[in-house]
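# Fold the following and give me the result.
(one chain, ligands or ions: 1)
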Amino acid sequence: MRCNIIIHSVSGNIYIIASYLQDKLIEAGIDARLYRVEDSDLHILAAKKDSVNQYLEDILELSVANEETLEKADMIILGAPTRFGGMTAEMKAFLDSTYDMCETRSLEGRLFGCFTSCAHSICEGSHALDSMLYWAQNMALLHIPYGVHPEVRLSNQPVAGIVHLEGRDNEIRPSDKLGDVINKYVESIIRYKN
Ligand SMILES: Cc1cc2nc3c(=O)[nH]c(=O)nc-3n(C[C@H](O)[C@H](O)[C@H](O)COP(=O)(O)O)c2cc1C
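Presented below is the predicted three-dimensional model:
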């Protein structure tokens, strides 16, 4: 199974989650690859903010996603920061560029997952997940939800996907606890593998 993870990340949280998720999927025998969407002024922000500069090179090393990235995937996972309860404009611009694919139904039946990072509110993160989910539904993709995992205690995750809370100015980077959540999500994905 080929899984293409497409991200937008400014200060690195989404990149950290995506890299961990990619490693875990590869360990599970899934051909997981990481792509980014265009962000034309990321380098300008990186010159002003250390937290943006920290992962800039890693992020820019990723190939930029296009329609082929979607068409080659059996599973598409989107990761984008939360912006006012939605996804970022950069991720939205990429998804908007795929409109023809919903009319041709060329992605129908592929699998879908999503994750986000935000400052302080799981609730706003959950809205951001839903905004990506609406795209997936337009594309007739099949959503694999995070669902309910009482064994991962107090993880406070929405059922739709994974949310990381960074606190103020990246004071909380994705931790082992979020790793437990991602591991559970990978277990669900493996069940759909064949
Ligand atoms: C314009 C803007 C709007 C934001 N809106 C929200 C929001 O609605 N809720 C929230 O909790 N965080 C919000 N954030 C914080 C980002 O989602 C957060 O910094 C995220 O972790 C960035 O991910 P990254 O490190 O991968 O770039 C906002 C940030 C910016 C710059």
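# sec struct for the closest residue in space to residue 105 that isn't next to it in sequence, please.
Closest residue in space to residue 105, ignoring its immediate chain neighbours: residue 140 at 5.6 Å, by C-beta to C-beta, 6 or more residues apart in numbering. Glycine gets a C-beta too; all of them are placed from N, C-alpha and C. Residue 140 falls in the coil class when you classify it by DSSP: H, G, I helix; E, B strand; the rest coil.
# Please tell me how far residue 140 sits from residue 64.
From residue 140 over to residue 64 the distance is 24 Å, taken as C-beta to C-beta, to the nearest Å.
# got it, and residue 118?
When residue 118 is compared with residue 64 (using C-beta to C-beta), they lie 24 Å apart.
# So for those two, which residue has more residues nearby?
residue 118 (21 against 13; other C-beta atoms under 10 Å).
# if I pick that one, what's in contact with it?
Neighbouring residues of residue 118 by C-beta atoms under 8 Å, 6 or more residues apart in numbering: 81-82, 124-125, 128, 163-166.
# Among those, name the ones in helices.
124-125, 128 (DSSP state H).
# Let's have the residues you listed in a markdown table, adding pLDDT.
Output for the ones in helices among the contacts of residue 118, formatted as a markdown table (pLDDT from 0 to 100):
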| residue | pLDDT |
| --- | --- |
| 124 | 96 |
| 125 | 97 |
| 128 | 98 |
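# Kindly indicate which of the residues you listed lies nearest residue 36.
Nearest to residue 36 out of the ones in helices among the contacts of residue 118 is residue 128 (C-beta to C-beta; 17.3 Å).
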